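>>> sharing a sequence plus its predicted fold:
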Amino acid sequence: MEKKKLLEQGFRECYYCNEPVKPKALRCPHCGKWYSSGKQILAFSLVIIIALSLVSVYYLYPTGEQGAYVPSSEVPAVLSASPIGMSVSTSSKIVVTFNRDMDRDSVQSAFITSPNVPGVFSWNDRALTFTPTSLMNEGTIYTVTVGSTAIDTTGLHLDCDMYSWQFTTAGGSAITLRSIGTGENDFWSAAVTHPSWAINDVQTKPILILTHTQGCAPCETMMGICGEVSSVYSASITYYDLTSGTDEPQATDCFAAYDPVPPNYVPLTTILTKGPNNSIIWHSWEGVVDEATLTSWVDDAITYHEQ
């Protein structure tokens, strides 16, 4: 009856799940499918996504890990980069491995650390090692960038504008990228009815929750990203992979607490951690969150939890 009433009001019927959707919606809030006029795949959106992916800044993990970026062998690209993550030794070397023989001078000129770290370069075949000549600062977030001016021995440029990744050194005062507040890029402290299981678990470690449906392309992407991040931080966070519309009541709990205003879009990603005075701070997203961004949120969640 409710569906009929919505259709009479101008809602359209999703081609995939037959649920009502708003006329101007770009995807179904029930099954997550992208569509146009309820029947055709939104080709323009796919073109935009592909275009954006070509100019992305890739957040890298060593090859061999699930979800690692595998570039074409026809253009120069970074295969792996280290170190990454938290509690990195202040004496660590920075290593970047390429898929082709590189013009070493151009790579070294394009190599930047922020904050600046003095050091020397050495090469082993296609792997560049940067050895600091003094200890890095304790408890500091370092960003390493290989710029677009790096070329291979045939003169070809890297396959994207630049490669960038971060790591945080051990010791010193805890540093976070995000504050606690009400802004879009803050951990939120707004009082919500957190599920009892989340309240219990967050006392031990931060929680990463992915709520999704079956057969949803953005959900599949997010499952890969969350799976990769959770495997890297398996000792430091608790990860929940919840399928909506099944016998997992925790998925319903998450929508009620962290995305209460319909329509409820998937995938829904939520992170919870402990804040000041044993409070719970949290953040949630609808849609795909890139791996680098999600990783930085997890780093911050761990830091807040340990304070």
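Structure's in. What do you need?

>>> what distance do you get for Y240 to N278?
Using C-beta to C-beta, to the nearest Å, one gets 21 Å for the distance from Y240 to N278. Glycine gets a C-beta too; all of them are placed from N, C-alpha and C.

>>> of those two, which one has the most company?
Applying other C-beta atoms under 10 Å to Y240 and N278 shows that Y240 carries more neighbours, namely 19 against 8.

>>> isn't the more buried one right up against D253?
No - using C-beta atoms under 8 Å, Y240 and D253 do not qualify as a contacting pair, with a distance of 10.1 Å.

>>> what's the least confident helix or strand in the protein, going by average pLDDT?
When each helix and strand of the chain is scored by mean pLDDT, DSSP states H and E, helix 43-54 comes last, with a mean of 43.

>>> the helix or strand following it: partners in the sheet, and parallel or antiparallel?
Counting by DSSP states H and E, the next helix or strand C-terminal to helix 43-54 is strand 78-82. Here strand 78-82 has these sheet partners by DSSP bridges: strand 94-98 (antiparallel).

>>> just give the closest residue to T113, not the sequence neighbours.
Beyond its immediate neighbours in the sequence, the residue positioned closest to T113 (C-beta to C-beta, 6 or more residues apart in numbering) is V144, lying 5.4 Å away.

>>> that neighbour sits in which helix or strand?
strand 141-146.

>>> near F167, how many other residues are there?
21.

>>> swap in D299?
As a burial measure, D299 scores 24 neighbours (other C-beta under 10 Å).

>>> contacts only, for it.
G85, M86, T168, T176, L177 (C-beta atoms under 8 Å, 6 or more residues apart in numbering).

>>> beta-bridge partners for the first one, please?
Meaning G85. With DSSP bridges applied, G85 shows beta-bridge pairing to F167.

>>> what is the burial count for it?
Here the count is done by other C-beta under 10 Å, and G85 has 18 residues near it.

>>> hang on, it packs against A170?
No - the pair G85 and A170 fails to qualify as a contact (C-beta under 8 Å) at a distance of 10.6 Å.

>>> mark out where each domain of the protein begins and ends.
With automatic domain parsing as the criterion, the domains of the chain are listed as 2-54, 78-169, 180-306.

>>> quick check: mean pLDDT across the last one?
In this case it means domain 180-306. Taken as a whole, domain 180-306 has an average pLDDT of 90.

>>> span of that domain from start to end?
Across domain 180-306, the terminal residues are separated by 15 Å (C-alpha to C-alpha, to the nearest Å).

>>> then stretch 85-104?
Separation of the first and last residues of stretch 85-104 by C-alpha to C-alpha is 27 Å.

>>> buried stuff in that stretch?
85-86, 88, 90, 92, 94-100, 102-103 (16 or more other C-beta atoms under 10 Å).

>>> swap in stretch 103-113?
Taking 16+ other C-beta under 10 Å as the neighbour-count basis, stretch 103-113 is seen to contain the buried residues D103, S106, V107, Q108, A110, F111, T113.
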